[in-house]
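Enquirer: okay, sequence plus prediction incoming.
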Amino acid sequence: MDARSHDRSRQAHDGLVTGACVAALACAAIALVAAVAGGLLRACPAPAPSTVPSWLAAGAASHAALMVCGVLGTVIGLERAVALGRWGAFAAPSASAGGALATLAGHAEAAGGMFVLAATAFVVVNLAILRKQPAAHTAMLLSGALAWLAGSLMHAFGDGTAVPLWLSFVVLTIAAERLEMTRLTRRARHAGMQLWAVTAVMIVGAGAAASPSGFGAAGPGVFGASLVLLAAWLFTHDIARRTLLTEGLSRYMAVCLLAGYAWLGVAGVAWLGLAWGLPVRDMALHALGLGFVGSMMMAHAPVILPALTRVRLRFGTVFYMPLAVLHGSLVLRLAHGAGDPIQRGVGAALNALAIALFAATVLASAVAWRLTRHRPVSLEG
Amino acid sequence: MIASRTVEVAATAPAFPYSGPEELRLPIRNALSRVVDPEVAMTIVDVGLVYGVQVDDKQVQVRVTMTSAACPVVDVIIDDIWCELSRAVPESLQIDVEIVWEPPWTPDRMTDRAKRTMGW
């Protein structure tokens, strides 16, 4: 095989992988639009219209399932499938994307089964990755996958709530990725053990909070404490404090990460507040789901999207705009949102605007790269 | 990978194992040093991901690793390596990039410059 034919076979394989990624990402994007629209419907202070399109009703009723399983599960599943480089690994994101479409089509039970299937396949994929690279961070990724499976089983067959387990899936996945990056620094000797201790507390808390009784205040309280501890660990050990001093994309990612860690701490305090019976459910869910996870997605999208779609992006300081809108609108939403439905609704609408702005920024940066690809490109914003 | 940053490597930069024509040593090292991990703003040479380069009369074989088997950026990094090497070596040479997991990457492989950046 000469170099050129070798290139062609690789390009053909890459084309199929990219096609699979783009198809699944398109489903995730549909799920995102429906989930955001459904979330806005729920946050709207005005009475809901008597009739809404069925997809919008599904988006409102299944907001968490669509966001965690349909959007994040699909994207994270694609990341692992591409990393593992085996076609079978695409079963996970395919099933979660299918589950999202089934949800919007009104087949909630079938969707629940598909999310269980997706999470099961994802556990198998993570076992394969752990076998390929036995390490603390790959083991932690597996613990996140198991949390997704537990949450999806609860969603499909249980009497409790899947949300704490689903959130643990996303949080542990991010924690594992950051744990891996800390290997680049001179990490404190007990840092790894500390993170595993936090993980154990989180799994116990999420499991308790997900049970039908929630174990009273214990479940949300323990879960909240684990989030606070994780935020403290990330602030202490993550490389973001170092990369904040770099430039361009690396600095932008560091800003996203550190802002996200602040929201993680806020979310933890809000879960503790829930345990005390305070009316902070919106803060508990969205400081975590939007402030922490949303910020992580904005941080990593400029790196991950090119890896999945082979569409390259030209980074620029414009990426800070949707990030600023996201965090500013979240402050607006959560600062007085519990007692002021109008402010909460406006904040939620601006949250949605931040997501739309980010999507537009990504598209514009892809166009900018195509226009400038023949010129030298630097990492500077 | 967003883009490759132009980085000319000092001749004193720690080298990875290399075997092949001496006149290609520096061009290849410079080419690999233009492949950047955007999250940490360091090159794959500085992070210590390059395990070795072997050049014969038919091909350039590059052995690289990743810090994580769960990272999807691997194919982009391979593409970047191909792209940079194709500008640095004669067209007659086939470019072969191999991902290896043994021995596992450790921070000991980072260059002094990378360690300074990360606060070692």
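Expert: That came through, no problem.
Enquirer: from here on, contacts and neighbour counts on C-alpha atoms
Expert: Noted.
Enquirer: tell me the contacts of residue 114?
Expert: Since no chain was named, I'll use chain A. By C-alpha atoms under 8 Å, 6 or more residues apart in numbering or on different chains, the contact set of A:M114 is A:95-96, A:98-99.
Enquirer: ah, no, chain B please
Expert: B:42, B:46-47.
Enquirer: and which of those residues is nearest chain A?
Expert: Set against chain A, the nearest of the contacts of B:A114 by C-alpha to the nearest C-alpha is B:V47 (8.2 Å).
Enquirer: thought B:T106 was touching the closest one, still the case?
Expert: No - taking C-alpha atoms under 8 Å as the definition, B:V47 is not a contact partner of B:T106, at 9.6 Å.
Enquirer: neighbour count: these two, which is higher?
Expert: B:V47 (26 against 13; other C-alpha atoms under 10 Å in any protein chain shown).
Enquirer: need phi/psi at the more buried one.
Expert: Phi and psi for B:V47, reported as degrees, to the nearest 10, are phi -70, psi -20.
Enquirer: how about the helices of the stretch 151-300 of chain A, start to end?
Expert: A:163-181, A:191-210, A:218-237, A:240-243, A:248-275, A:281-286, A:293-309 (DSSP state H, counting those that start in this stretch).
Enquirer: can you check which of the ones you listed gets nearest to B:T67?
Expert: Nearest of these to B:T67, taken as C-alpha to C-alpha: helix A:163-181 at 7.6 Å.
Enquirer: what residues does the stretch 51-200 of chain A put near chain B?
Expert: A:79-84, A:129, A:132-133, A:138, A:180, A:183-186 (C-alpha under 8 Å from any C-alpha of the partner chain).
Enquirer: which residue would be the closest one in chain A to chain B?
Expert: Closest point on chain A to chain B, by C-alpha to the nearest C-alpha, is A:A83, at 4.1 Å.
Enquirer: so that residue is in which element?
Expert: Element membership of A:A83, judged by DSSP states H and E, is helix A:74-84.
Enquirer: give me the contacts around that helix.
Expert: By C-alpha under 8 Å, 6+ apart, the list of residues contacting helix A:74-84 reads A:17, A:21, A:24-25, A:28, A:87, A:89-90, A:92-94, A:96-97, A:122, A:125-126, A:128-129, A:304, A:308, B:69-74.
Enquirer: how about the residue of chain B found nearest chain A: what's its closest non-neighbour residue?
Expert: Residue nearest to chain A within chain B: B:P72 (4.1 Å; C-alpha to the nearest C-alpha). Of all residues not flanking B:P72 in the chain, A:A83 sits nearest, at 4.1 Å (C-alpha to C-alpha, 6 or more residues apart in numbering or on different chains).
Enquirer: ok, A:L127 next?
Expert: Nearest to A:L127 is A:L142, by C-alpha to C-alpha, 6+ apart, at 6.7 Å.
Enquirer: pull out the buried positions in stretch A:205-212.
Expert: Within stretch A:205-212, the residues that count as buried by 16 or more other C-alpha atoms under 10 Å in any protein chain shown are A:205-211.
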